[in-house]
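**Student:** with the sequence up front, the predicted model follows.
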Amino acid sequence: MEFGWTEAQKAYRQQLVDVLERELPEDWWENYAFDGPCHPKLMDFARGFNLKLAAEGLVVPHWPERYGGRDAEPWEHIITSEEMWSNGEPRSSLYMGTNWAGPAIMVFGTEEQKREHLLTLARGEVLWCQGFSEPSAGTDLAAMSTRATRTETGYRLNGSKVWTSYAKHADICFMLAKIDDAGKSKGAVTCFLLPLDTPGVQVRSITGIHMEDDLNEVFLTDVDLPESARLGGEGKGWEIVTAIIHNERIGAARYEYARRALDRAVMHVKQRGQFHGAVKGEAARALAACESARMLTYLVIDGRVKGREPGADTFIARYAIVMADHAVANFITSHLPDLLVEPGDGMFRAFFGCAIVSGVAAGAAEVQLNMISGRYLGLPRGA
């Protein structure tokens, strides 16, 4: 089996590397990326950076040409993610739009929505966030209480969301709400494309243990939206989320971020004369975790290239990414704890902040295990 890249794919990666080397400031890790891709200074930087990516056709090459791409294979999508995430994700939350919000609109959106949202994404003009979790409804989306009541012109939203990364400085939220009071019924969940400057939307920051600027609460008070803001049919939100979840789970190539953080950590440990014995074994196990996550992710991408329906491989790959994050974070904390505190090493600080929430963000690790047990192993619920 051939795991190598084609010459065209190598050239594409080099194009990304050239842009990053040219555009990222010298103090990137210390003053922009140290607190993750949600840091206000990084998000502000991303607005200009994304326009430059778009000018070189590097935002969504894997999308159809009519939506701003060039019909490239999904491999270019994952190459883009590898280079961006391992450099602290200078696109900020544009990746949400290109990974799964855009593809959802491509499948379920009206022609008007496709023209409005897909082309602005391809041009790198908007930053997205995701309004799923609520104070009493985390992984159980059917338990959400945010409501969308019909009006003469569309819908009125009331409720709140929590743990909403990027919301403070994003432009659009992929919002879920229930059309009626159908209790915990999934059949009431509906998707909306909500501009965050809409009257009645209030965003309040929450300081997290991992990063200062990542988390937010979003409050919706009599937020009026037109009919055109609804994505898909009423009560079709669960179907849409189920369809896009495979894109979200592995869209961020964090295994590459972990691998490069591990390489950097090993360099520091060698310089301190401590790379021997059990330390080598720990590094080897962390490396194996990174490469396992990589190969499992590539298995999913290969399936997309060959037109296979997504399956449980996505959840296995996602769980492997969590394990890689944790293995590398544990190695750094065990042998280089001094570099995790300010000023320390900006890359380590950024990676460690992401690794802390790796088992929760983009789908809790326990949820992935439940999906694997049922869809891959065929075990009954509660087994």
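**Tutor:** Received it, and whenever you're ready, just let me know what you need.
**Student:** so what does the helix or strand containing Leu51 touch, helix or strand wise?
**Tutor:** Element membership of Leu51 [criterion: DSSP states H and E] is helix 40-55. Under the contact criterion of 3 or more Cβ pairs under 8 Å, 6 or more residues apart in numbering; DSSP states H and E, helix 40-55 touches helix 7-23. (Each C-beta comes from the backbone N, C-alpha and C, glycine too.)
**Student:** show the average pLDDT along the helix or strand that the helix it packs on is followed by.
**Tutor:** Per DSSP H and E, the first helix or strand lying C-terminal to helix 7-23 is helix 28-31. Regarding helix 28-31, the rounded mean pLDDT is 94.
**Student:** check which helices and strands the helix or strand containing His77 is in contact with.
**Tutor:** Secondary-structure assignment from DSSP H and E places His77 in helix 74-85. For helix 74-85, the packing partners by 3+ Cβ pairs under 8 Å, 6+ apart come out as helix 7-23, helix 94-96, helix 254-271, helix 278-305.
**Student:** what does it rub up against?
**Tutor:** 5, 9, 12-13, 16-17, 20, 58, 60-62, 90-91, 95, 98-99, 251-254, 256-257, 297-298, 301, 304-305 (Cβ atoms under 8 Å, 6 or more residues apart in numbering).
**Student:** same question for stretch 39-49.
**Tutor:** Applying Cβ under 8 Å, 6+ apart, the external contacts of stretch 39-49 come out as 23, 31-33, 35-37, 88, 90-94, 127, 166, 168-170, 211, 213.
**Student:** list the buried residues in it.
**Tutor:** When burial is assessed from 16 or more other Cβ atoms under 10 Å, stretch 39-49 yields the following buried residues: 39, 42-43, 45-47, 49.
**Student:** same question, stretch 216-231
**Tutor:** 216-218, 220, 223, 225, 229-231.
**Student:** single out the most deeply packed of the helices and strands packed on helix 74-85.
**Tutor:** Between the helices and strands packed on helix 74-85, helix 94-96 has the highest mean count of neighbours, a mean of 27, where neighbours are mean count of other Cβ atoms under 10 Å.
**Student:** determine the set of other helices and strands touching that one.
**Tutor:** The helices and strands touching helix 94-96, judged by 3+ Cβ pairs under 8 Å, 6+ apart, are helix 74-85, strand 128-131.
**Student:** for Asp224, give its distance to Arg308.
**Tutor:** Going from Asp224 to Arg308 by Cβ to Cβ, to the nearest Å gives 42 Å.
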